Each structure stands twice: as structure tokens, then as C-alpha cells.
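Q: A structural model of the following input is requested.
(one chain, ligands or ions: 2)
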Amino acid sequence: MTVRRLAPHSTTIFAEVSHLATRHDAINLGQGFPDTDGPASMIEAAARAMREGHNQYPPGAGVTDLRHAIAELELARTGLVRDRDSEVLVTVGATEAIAGAVVGLVENDDEVVVIEPFYDSYAATIAMAGAVRKSARVVLSDGRFRLDVDSLRAAFSPRARAVIVNTPHNPTGAVLPREDLEEIAALCLQFDAIAISDEVYENLTFDGVRHVSIATLPGMAERTLRISSAGKMLNCTGWKVGWVTGPAELIAGTRTAKQYMSFTGATPLQMGVAHALRNEQEWISTLRHSMQARRDQLAEILTGVGFDLVVGQGTYFLTADPRPLGVTDAASWCLELPGEIGVAAVPFAPFVEEFADEWSHLVRFAFCKRPEVLAEAGRRLQSLAR
Ligand code: PMP
Ligand code: GLN
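A: Ligands and ions are numbered 1, 2, ... in the order given. The predicted model follows:
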């Protein structure tokens, strides 16, 4: 019964794989969520907010104190001054920020450029807006995923209203270098398009690599919506507190759509996140170091089993090629894996469309789990070794 434009997006791969993981009591290295809590003071701040009676709707744009904390963080991270009332909007996760931006700013039949492989909600959201998706792609160059600039140029046209940029990049773990972002920015300026920049993994970069936001490139602050989320920053994916910052007229369009998606998010959780953004920056940078160690742990395990790997420098994810283990169909293999060996991973297939032939042989493993859990996954994966 689902409408035609959403029929291809009926069940997310994350829901499907997590369901299989639960059913088979498998270690879930599929869906990206950590297995430890965020800072105790954040949880206490949210609990206190509930006990102290902050249990009704917050302002439409989000709890004022949180918007203030986001504006301060924005200044510290990007040097951009954003007004907490007109240029900051709190959303129900980054997911709602993305959806609000696309539905609120892209006309029917406008084009939206995405870069394959892409996070799955982009395609569904573009479909909801009745817009047209145009795909560019990444390429593997010297063992790293980079933007294929030619494909990006080919994807842009005078009908392009927006490009969705994602760095650090899900699913590949790539951190796009400044030069790639400059190419995207040049096309945005040439075609008068906006950038919807999904930066939910902005704190999770490794090996000393720094995250660059496209909003900081010349001419882009005026045409970029920068999206982030407490979920990945503070180990609270279940709280669904996200936000978007940008110029007032782009925030206004996003807010218009957002008002009728969720109206508002959860007051006490937003208060908890405000507390953490102000007081737990140390915790946030420690998370980066521990995540890098876990990336290295899982990379060693997967290499030992016999996968070919592309080790990125950001996010929660490693890209693995299971073909050396005799796998010919990665998508169905991922659906069998939880039942067969008690480990779950997600295939790249749902993240690609136009360039499906190039990347569908790959799978994504999440490493945002406790070291002992990764070690147990390693023991189970060992049965795949040839
Ligand atoms: N964008 C990317 C690239 C993601 O990986 C995720 C999942 N955290 C989201 C958006 C959605 O974030 P949230 O859970 O805050 O809605
Ligand atoms: N962002 C997380 C991932 O990529 C989970 C998203 C989801 O379940 N929708 O695994």
C-alpha cells in the first residue's frame, strides 16, 4: 500500500540487520550504535530536568540553552557566528534535520545531488520531497575513498538546488579532504545550489586527520546547512537530539517543514545535551581516541580473517571486501551471517544505486563496541577464515 515514491525505501537495512542480529543473538556490528553510555553528568542532567518538571514542549526551535550551547560550539569549531534564535534549529536527530532541509527547501522536480555510496535516508527524503536525485560517486585512490570530481560535475546542472555532502562519510569511513570539498563548493557557487552538510561524525576523525566543514570554505557559509547530532558525539543515539545551523532563510525553510514532522523534540533530553556540550568536551575528545583504538582492533581482526579492507580515518565504520573469503553476493551474505556465525554487518548495496556495480561487493562493519565485544566477534568471524 506504500506510495510509489517511497516503495523502494520500505525497510531500512539497519532495521533489517538489527532484527536478524536480535533474532540470532548475534554481535551487532551492523547498525552503528555504541554499547556504552554517554557522560554520566549528561544522563543526570536529563533525569534532573524530568524530576524538576521540564516535561512539556520546548520552544519550536529547541530548548534555548541548547541552541545557545550549539551556537557557542559552532563558533569554536568553525569560526562562524550563528544567531541562536534564527540560525540554529534543534531537530529530532540529524535525520529530521536532513528531511526538514530537503522537504522545506527543495521544490518538486528540483535536482538534489548525492554522492554514492550515500546514507540511506537521503534517497528516501529526496523521494518524499518529490525531487530528482542525481548521483555522483567516490572512487578508490591509493587505498582511500575520494570524490570522483568528474562524476560530480556531470551530476550538477542548472536545475540543481542542493547537494548533500557527508563527511566523515558513512558508510566508507572516509574523511573528505579540503580539495574535494572545494570542488563541491565551486559547483554550488557556479549553479547557485545549497549544501546540506551531514557532519554527524565530525568529532570522530583519527590519525590526526582534521574534519573540515564545507561551511567554512569561501562563499559557503551563506549557502550551507551544517547538520550534527548528539547521538554520535555523546553516545546517545537513542535520544535523537540533532541540530542544524546555517543562514536564517535556509533555517526558516527547514523549520517550516520540521514543525509538521515532529513539531518539537524531547525537552529533558535537549537539556541533558546542552549540559554535555558545555561541560563534557573532554569526554568527547577522549571518545575519539578510544574509537581509533577500536578501529585498529577490528581492522586487525578482519585482516586476520582474510577480508580485504579499506581503513578510513573517521566514523564508526570499516569497509571490508569479503570476496577473498569466497563471497560472491555480499548483500545476501550479510543476511545469512547473523544466523550462521553470530555476527552482523551491513552490505553496501542499499547505499548505492546508479553505481551499484562498483560497490555492491563491499560490506560495512561497525567498531563502536567494547573491546571485549569486538574480540568475541573476532572469535566468531574466525570460522570464515580459509
Ligand atoms: N547521517 C549519517 C551519516 C548517519 O550515520 C546517521 C546515523 N547516526 C544519521 C545521519 C542520523 O542521525 P540521527 O540518529 O541523529 O538521526
Ligand atoms: N547511522 C547509523 C548507521 O549508519 C544507524 C542509523 C539507523 O539505524 N537509521 O548505522
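Q: partner strands of the helix or strand residue 320 falls within, with direction?
A: If you go by DSSP states H and E, residue 320 is part of strand 317-321. Strand 317-321 sits in its sheet next to strand 308-310 (antiparallel), strand 363-366 (antiparallel), going by DSSP bridges.
Q: what comes up buried for the first one?
A: Spelled out, that is strand 308-310. Going by neighbour count (16 or more other CB atoms under 10 Å), the buried part of strand 308-310 is 309, 310. (C-beta placed from N, C-alpha, C; glycine too.)
Q: and it, what's its mean pLDDT?
A: For strand 308-310, the mean per-residue pLDDT is 97.
Q: circling back to that earlier point, can you redo the strands paired with strand 317-321 as CSV with distance to residue 35?
A: Converted to CSV, those look like this (distance: least, CB to CB, whole Å):
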stretch, distance to residue 35
strand 308-310, 22
strand 363-366, 10
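Q: any chance of TSV for those, columns distance to ligand 1?
A: Formatted as TSV, the strands paired with strand 317-321 follow (distance: least, CB to the nearest ligand atom, whole Å):
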stretch	distance to ligand 1
strand 308-310	17
strand 363-366	10
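Q: can you say which of these is nearest to residue 122?
A: Closest of the strands paired with strand 317-321 to residue 122 is strand 363-366, at 16.0 Å (criterion: CB to CB).
Q: what helices and strands are in contact with the next helix or strand along the chain from the closest one?
A: Remark: after strand 363-366, the chain's next helix or strand is helix 371-381, criterion DSSP H and E. For helix 371-381, the packing partners by 3 or more CB pairs under 8 Å, 6 or more residues apart in numbering; DSSP states H and E come out as strand 27-28, helix 281-305, strand 343-344.
Q: ok, which of those comes nearest residue 58?
A: Across the helices and strands packed on helix 371-381, closest to residue 58 is helix 281-305 (CB to CB), at 23.0 Å.
Q: hmm, back to that, what does the strand holding residue 320 rub up against?
A: Applying CB atoms under 8 Å, 6 or more residues apart in numbering, the contact partners of strand 317-321 are 32, 145, 170-173, 295, 298-299, 302, 307-312, 345, 348, 361-367.
Q: of those residues, select the buried ones using a ChimeraX command.
A: A single ChimeraX command selects the buried members of the contacts of strand 317-321 (16+ other CB under 10 Å):
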select :32,145,170,171,172,173,295,298,299,302,307,309,310,311,312,345,348,361,362,363,364,365,366,367
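Q: residue 367 and residue 295: what is the separation?
A: 5 Å (CB to CB, to the nearest Å).
Q: which residue is nearest the middle of this protein?
A: The residue lying closest to the centre of the chain (CA atoms, centre = their mean) is residue 200, at 5.0 Å.
Q: dump the residue contacts of that one.
A: 94, 170, 227, 228, 229, 231, 232, 233, 242.
Q: turn those into a markdown table, columns for distance to ligand 1, pLDDT and secondary structure.
A: Putting these into a markdown table (distance: CB to the nearest ligand atom, whole Å; pLDDT from 0 to 100; DSSP: H, G, I helix; E, B strand; the rest coil) gives the following:
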| residue | distance to ligand 1 | pLDDT | secondary structure |
| --- | --- | --- | --- |
| 94 | 4 | 98 | helix |
| 170 | 4 | 98 | coil |
| 227 | 7 | 98 | strand |
| 228 | 8 | 98 | strand |
| 229 | 3 | 98 | strand |
| 231 | 4 | 98 | helix |
| 232 | 5 | 97 | helix |
| 233 | 10 | 97 | helix |
| 242 | 4 | 98 | strand |
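Q: which of these ranks first by neighbour count?
A: residue 227 (30 neighbours; other CB atoms under 10 Å).
Q: tell me who's in contact with the closest residue to residue 227 other than its chain neighbours.
A: Nearest non-adjacent residue to residue 227, counting by CB to CB, 6 or more residues apart in numbering: residue 97, 4.4 Å away. Shown in contact with residue 97 (CB under 8 Å, 6+ apart): 89, 91, 225, 227, 229, 242, 243, 244, 254, 258.
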